[in-house]
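In: no FASTA, just this:
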């Protein structure tokens with residue numbers, strides 16, 4: 001098997017296709033942003049009709065006065081409740097039902113301008129910080145018979161990248177006003193699942209088979225940053241004592257990158273995890289330190305790891321950096337799985353999961369409290385993304401998007 005280091009993905013510059021994002025024309029007069037905060041709907045309910053002749057004028061006046069007092073009390077309670085309930089609001093999107101939202105990114109030089117990705121070739125754009133979104137299309141992709149799943153997006157300055165499945169790679173140098181489609185080699189091992197913009201026409205791309213490629217010329221050439229795929233690594237080290245490695249199916253279920261460029265990935269079966277640091281020739285497999293299978297892993301704001309297990313468990317690594325020692329943290333997940341964790345600061349983080357689960361910590365993960373205002377959302381919340389300490393989003397299925405209010 002040829003090593004990945006010997007594989008350079010190239011194509012002719014003449015095959016690039018410059019495209020403009022063309023707006024779709026939609027009319028959604030009934031869609032608007034709605035807060036997760038409960039409204040005093042009972043205060044708007046009409047009283048039952050009174051039968052004529054069954055009540056006198058004095059009684060009627062008294063009844064109206066009592067009702068006014070009752071409704072005033074109810075309204076004040078509802079308003080008081082708004083002060084202590086959710087820090088998120090739901091943003092309704094002009095997309096088809098059933099779309100799963102997968103990633104979101106904003107232009108660093110203009111935090112009001114961003115893009116939202118999802119299944120069914122979903123690409124939305126905002127220019128007001130995420131309060132409203134408009135559909136966009138890429139003509140070169142629309143002309144094909146594929147229904148792309150846009151997996152990942154990243155910006156560095158005005159340069160941006162989008163990857164999807166079936167294999168599609170888009171590049172912009174002007175903050176998304178124009179996108180150029182970059183053809184890819186058929187020799188690419190696996191499906192692209194993550195991309196990180198590094199600036200100066202550079203990017204780092206990861207496939208679900210563990211291949212890591214870098215480009216420095218806007219995607220015209222890609223060079224391997226690692227010598228072999230994960231399958232090849234495990235075939236060499238299957239006797240190294242990694243539990244479950246012999247059952248490895250060859251793909252990641254999740255991969256996350258730290259700001260320093262370190263990666264942590266979870267095997268598709270969740271029975272072990274792998275890490276990679278810049279300069280290493282191979283992925284490093286690790287036994288899971290918990291009994292249940294791993295759901296997802298990622299990096300804390302202090303450089304340590306968080307780990308989620310199937311069934312709703314949350315663990316934090318001891319210390320910072322890569323570790324195999326984890327401590328379980330009690331959480332109120334109601335038996336639903338927690339799917340992602342996003343850090344707003346070193347002290348504050350949010351966790352999201354199945355059936356609208358939202359959890360918050362303000363002490364670096366030592367304790368977590370459930371935000372009950374999201375319990376009535378009939379959707380799984382898959383990803384928590386904080387652009388900065390004032391701008392955050394939660395992405396879910398059925399087109400559910402929550403925006404952080406602060």
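Out: Done, it's in. Note that the structure is predicted; figures quoted are calculated from it, not measured. Residues are numbered from 1 along each chain as shown.

In: is residue 212 in a bridge, and if so with what?
Out: For residue 212, the beta-bridge partners are residue 206 (DSSP bridges).

In: shouldn't it be in contact with residue 206?
Out: Yes. If you go by Cβ atoms under 8 Å, residue 212 and residue 206 touch, sitting 5.4 Å apart. Every C-beta, even on glycine, is put in place using the N, C-alpha and C of the backbone.

In: which one of these two has more residues nearby?
Out: residue 206 (25 against 21; other Cβ atoms under 10 Å).

In: got a list of what that one touches?
Out: 192-195, 212, 255, 257, 263 (Cβ atoms under 8 Å, 6 or more residues apart in numbering).

In: quick one: it from residue 257, how far?
Out: Residue 206 sits 8 Å away from residue 257, going by Cβ to Cβ, to the nearest Å.

In: kindly report the same for residue 179.
Out: From residue 179 to residue 257 the distance is 23 Å (Cβ to Cβ).

In: what's the answer for residue 380, then?
Out: 23 Å.

In: tell me the contacts of residue 160?
Out: With Cβ under 8 Å, 6+ apart, residue 160 has these contacts: 105, 107, 115, 153-154, 171-172, 175-176, 197.

In: let's have those in CSV, adding pLDDT, distance to residue 346 and neighbour count.
Out: CSV is the format used below for these (pLDDT from 0 to 100; distance: Cβ to Cβ, whole Å; neighbours: other Cβ atoms under 10 Å):
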residue, pLDDT, distance to residue 346, neighbour count
105, 98, 22, 20
107, 98, 25, 21
115, 98, 28, 24
153, 98, 25, 24
154, 98, 23, 20
171, 96, 33, 23
172, 96, 32, 23
175, 97, 30, 19
176, 95, 31, 24
197, 98, 24, 22
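
In: coming back round to it: nearest to residue 128, of the contacts of residue 206?
Out: Comparing the contacts of residue 206 against residue 128 with Cβ to Cβ places residue 195 closest, at 25.5 Å.

In: please, where are all the strands along the stretch 251-400 of the chain?
Out: With DSSP state E, counting those that start in this stretch as the criterion, the stretch 251-400 of the chain has strands at 252-257, 263-267, 272-276, 284-287, 294-299, 305-309, 313-317, 326-329, 338-343, 349-353, 358-361, 369-370, 381-388, 391-396.

In: doesn't residue 140 fall inside a helix?
Out: Yes. Under DSSP: H, G, I helix; E, B strand; the rest coil, residue 140 falls within a helix.

In: can you mark which positions in stretch 351-364 are buried?
Out: Across stretch 351-364, burial judged by 16 or more other Cβ atoms under 10 Å covers 351-359, 361, 364.

In: those: which two are farthest apart?
Out: Maximum distance among these (Cβ to Cβ): 26.1 Å, for 355 and 364.

In: thinking again about what came up before, any common contacting residues for residue 212 and residue 206?
Out: With Cβ under 8 Å, 6+ apart, residue 212 and residue 206 have common neighbours residue 263.

In: surely residue 104 touches residue 152?
Out: No. Contact between residue 104 and residue 152 fails when scored by Cβ under 8 Å: they sit 10.3 Å apart.

In: hey, what's in contact with both of those two?
Out: residue 117.

In: helices of the protein, start to end?
Out: Taking DSSP state H as the criterion, the chain carries its helices at 57-82, 139-142, 230-237.

In: and the lowest mean pLDDT element among the helices and strands of this protein?
Out: helix 57-82 (a mean of 39; mean pLDDT, DSSP states H and E).

In: distance of residue 193 relative to residue 224?
Out: From residue 193 to residue 224 the distance is 16 Å (Cβ to Cβ).

In: next: residue 190.
Out: 13 Å.

In: mutual contacts of the two, please.
Out: residue 211.

In: OK, contacts around residue 361?
Out: Contacts of residue 361 by Cβ under 8 Å, 6+ apart are 347-351, 367-369.

In: would you check which pair of those residues lies furthest apart?
Out: 347 and 351 (14.4 Å).

In: for the stretch 51-200 of the chain, which spans come out with low pLDDT?
Out: Applying pLDDT under 70 to the stretch 51-200 of the chain flags residues 51-85.

In: would you map the strands across it?
Out: Going by DSSP E, counting those that start in this stretch, the stretch 51-200 of the chain shows strands at 88-90, 101-107, 110-118, 122-126, 134-137, 149-156, 159-165, 168-172, 178-181, 192-199.

In: so what are the sheet partners of the fourth one and their directions?
Out: Next to strand 122-126 in the sheet, as set by DSSP bridges, lie strand 110-118 (antiparallel), strand 134-137 (antiparallel).

In: closest one to residue 279 among the ones you listed?
Out: Comparing those by their distance to residue 279 (Cβ to Cβ), the top pick is strand 110-118, with 30.5 Å.

In: what angle do that closest one and strand 101-107 make?
Out: 160 degrees (axes from the mean of the first three to the mean of the last three Cα atoms, to 10 degrees).

In: for strand 110-118, buried residues please.
Out: Here strand 110-118 shows 113-118 as buried, counting by 16+ other Cβ under 10 Å.

In: just the closest of the residues you listed to residue 302, please.
Out: So of the buried residues of strand 110-118, ranked by how close each gets to residue 302 (Cβ to Cβ), first place is residue 114, at 26.6 Å.

In: what's the overlap in contacts for residue 206 and residue 257?
Out: 194, 263.

In: thinking again about what came up before, include distance to residue 98 and mean pLDDT when you put the strands of the stretch 251-400 of the chain into TSV, please.
Out: Shown next, in TSV, are the strands of the stretch 251-400 of the chain (distance: least, Cβ to Cβ, whole Å; pLDDT from 0 to 100):
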stretch	distance to residue 98	mean pLDDT
strand 252-257	21	95
strand 263-267	26	96
strand 272-276	31	94
strand 284-287	36	91
strand 294-299	22	97
strand 305-309	25	97
strand 313-317	29	96
strand 326-329	33	95
strand 338-343	18	97
strand 349-353	19	96
strand 358-361	22	95
strand 369-370	27	92
strand 381-388	14	97
strand 391-396	12	97
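
In: can you check the pLDDT for the nearest residue to residue 311 once chain neighbours are set aside?
Out: Of all residues not flanking residue 311 in the chain, residue 292 sits nearest, at 5.8 Å (Cβ to Cβ, 6 or more residues apart in numbering). Listed pLDDT for residue 292 reads 93.

In: neighbour-wise, which of residue 179 and residue 257 wins?
Out: residue 179 (25 against 19).
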